[in-house]
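>>> Here is the input, now give the coordinates:
(4 chains)
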Amino acid sequence: MDRLTRERIDYTALVESVRSDQAGAVVLFLGTVREMTGERRTLALDYEAYPEMAAAKLAELEAEARRRWPMTNVAMMHRLGRLDLGEISVAVAVSSPHRQDAFDAGRFLIDTLKVTVPIWKRENWSDGTTEWVHPVGESDPPGAAWT
Amino acid sequence: MDRLTRERIDYTALVESVRSDQAGAVVLFLGTVREMTGERRTLALDYEAYPEMAAAKLAELEAEARRRWPMTNVAMMHRLGRLDLGEISVAVAVSSPHRQDAFDAGRFLIDTLKVTVPIWKRENWSDGTTEWVHPVGESDPPGAAWT
Amino acid sequence: MNVEVRLFARARDLAGADRVRVELPLAARVIDLRAALAEQFPGLRPLVPNLLVAVGTEYADDATAVGPDVEIACFPPVSGG
Amino acid sequence: MNVEVRLFARARDLAGADRVRVELPLAARVIDLRAALAEQFPGLRPLVPNLLVAVGTEYADDATAVGPDVEIACFPPVSGG
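As a prediction, this is how the structure comes out:
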């Protein structure tokens, strides 16, 4: 399964890909396009990636999660292009013998994805303006986020 | 949607029921029948409920999660009867504007379900024996677990 | 007085029935129900110290009043999920 | 030497191109690349202090060597998810 896609994310297929008789717990996280940010209204988001590096970083992240939680299965997918309200931008699926590890690995994966994987979103606000979303004050390379 | 079922849990329908344009995050938790517990091998689990009270407790739990995390949508479902390896016994779906709340509410719901909702599982071990799973040393009523 | 008690899971298996009738003193409380169950259903004795009691589908403590007009259920610590 | 640099997101918009050629001193490092970008692409200046640099699809720091034989990319802090 490609980790970057321009199609709708089939999260059911992602969940099924991590399920196992050795797992007692599955955690799925979905990021979806939210309408309101404070008082501002979003019409759509555009996602762009540095595709070669993003695919490599997603694979590394999955490997790191399996190293930290050896019994887990993990799978991640990020969508690119124009997304309407409510659509799924990212999906993270984890299975594990016990639920603590499944939750911890799921949080680790989405938290780390958001600071290390070269993908950017652009807001299309209801007032007709567009704006790249860039966290500020982040001049250190995020490569060492999990070391 | 009934919160107790003897049919397979359609977790995709559960996820869709909590998705919203006001949510930026969805967390789904699935409990599945795990084969190995230490060195022992499970063939199947039987789940039994005190149905009237279990349904009421699940509804209370959902209401408590919405009280603690006001912007969340939550939905829970528990399966009863005979479950084979890998099958889904319980599903918890949460959506929220931000992922921290979605993860926290999801953990609260499954953690609290496991100690307050009157449902029991019986192991069918590979050696032919059966055994009710009952946490020991729990003589206090769990009703106050979230107060 | 005489009340009906629903039993679940291992409590039901040990008693051999999913409903039992228990003879209780007047104005009985959950603590009296525990004692009566242990006396009238010897098979339940190993479980009685850990038995949970629900009165009207709410968890009850030893001081909760029990009577014939509200549903009473006894069961072991729960293990769903 | 002259190297090609890929740009993404707001960096691409500010430079007006998704690939630019940058003139660098010999034995240049990322810190030299930053200075050269700011000088040769004035539109990028507001972003340069926060610009992330990847060399060979790995995050690089200011001391990392850059050259024509490995892919170089510059982009703002990421915001996926």
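>>> and the residue nearest to A:Glu123 when sequence neighbours are not counted, how far is that from chain C?
What sits nearest to A:Glu123 in space, not counting adjacent residues and going by Cβ to Cβ, 6 or more residues apart in numbering or on different chains, is A:Glu131, at 4.7 Å. Bear in mind the C-beta positions are built from the backbone N, C-alpha and C, glycine included. Counting by Cβ to the nearest Cβ, to the nearest Å, the separation of A:Glu131 from chain C is 44 Å.
>>> SS state for A:Glu131?
strand (DSSP: H, G, I helix; E, B strand; the rest coil).
>>> Specify the local secondary structure of A:Leu14.
Assigned by three-state DSSP, the conformation of A:Leu14 is helix.
>>> what about the closest residue to it other than its chain neighbours, how many residues close to it?
The shortest distance from A:Leu14 to any non-neighbouring residue, by Cβ to Cβ, 6+ apart, is to A:Ala93 (4.5 Å). If you count neighbours by other Cβ atoms under 10 Å in any protein chain shown, A:Ala93 ends up with 28.
>>> Next: the one 5 residues further on.
Applying other Cβ under 10 Å, we find 13 other residues in the vicinity of A:His98.
>>> got a list of what it touches?
A:24-25 (Cβ atoms under 8 Å, 6 or more residues apart in numbering or on different chains).
>>> quick one on the thing from earlier: any idea of the pLDDT on the residue nearest to A:Leu14?
You'll see A:Ala93 listed with a pLDDT of 98.
>>> Which other helices and strands does the helix or strand hosting it contact?
Using DSSP states H and E, A:Ala93 sits within strand A:88-96. The criterion is 3 or more Cβ pairs under 8 Å, 6 or more residues apart in numbering or on different chains; DSSP states H and E, and the helices and strands that strand A:88-96 contacts are helix A:11-18, strand A:25-32, strand A:73-79, helix A:99-116.
>>> What strands flank it, and is each parallel or antiparallel?
Paired neighbours of strand A:88-96 in the sheet (DSSP bridges): strand A:25-32 (antiparallel), strand A:73-79 (antiparallel).
>>> hey, C-alpha coordinates of that strand in CSV?
Extracted C-alpha coordinates of strand A:88-96, given in CSV (Å, rounded to 0.1, in the frame of the first residue of the first chain):
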residue,chain,number,x,y,z
ILE,A,88,-9.6,12.3,6.0
SER,A,89,-6.0,13.7,5.5
VAL,A,90,-4.1,11.1,7.5
ALA,A,91,-4.7,7.6,8.9
VAL,A,92,-2.6,5.7,11.5
ALA,A,93,-3.5,2.1,12.4
VAL,A,94,-1.8,0.1,15.1
SER,A,95,-2.4,-3.3,16.6
SER,A,96,-0.8,-4.7,19.7
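>>> Chain C: strands as residue ranges?
C:2-7, C:19-23, C:52-55, C:58-59, C:72-75 (DSSP state E).
>>> what bits of chain C have low per-residue confidence?
Applying pLDDT under 70 to chain C flags no residue at all.
>>> where does it come near chain A, residue by residue?
Counting by Cβ under 8 Å from any Cβ of the partner chain, no position of chain C is adjacent to chain A.
>>> what does chain C put close to chain B?
Along chain C, the residues adjacent to chain B under the rule Cβ under 8 Å from any Cβ are C:6, C:8-10, C:13, C:49-50, C:52-54, C:57-61, C:71, C:73, C:75-81.
>>> Could you check how many residues crowd around residue 80?
Picking chain A for this. Number of residues near A:Leu80 (other Cβ under 10 Å) recorded here: 18.
>>> I was thinking of chain C, sorry if that wasn't clear
A count of neighbours around C:Gly80, defined by other Cβ under 10 Å, yields 25.
>>> With C:Glu23 instead?
Neighbour tally, C:Glu23, other Cβ under 10 Å: 11.
>>> residues contacting it?
Contacts of C:Glu23 (Cβ under 8 Å, 6+ apart): C:1-2, C:36, C:40.
>>> With neighbour count as extra columns, can I get those in CSV?
Listed next are those as CSV, based on neighbours: other Cβ atoms under 10 Å in any protein chain shown:
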residue, neighbour count
C:Met1, 12
C:Asn2, 8
C:Ala36, 18
C:Gln40, 14
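>>> among those residues, which are within reach of chain D?
Within those, nothing lies near chain D by Cβ under 8 Å from any Cβ.
>>> Among these, name the ones in helices.
C:36, C:40 (DSSP state H).
>>> which one among the contacts of C:Glu23 gets closest to chain B?
C:Ala36 (17.7 Å; Cβ to the nearest Cβ).
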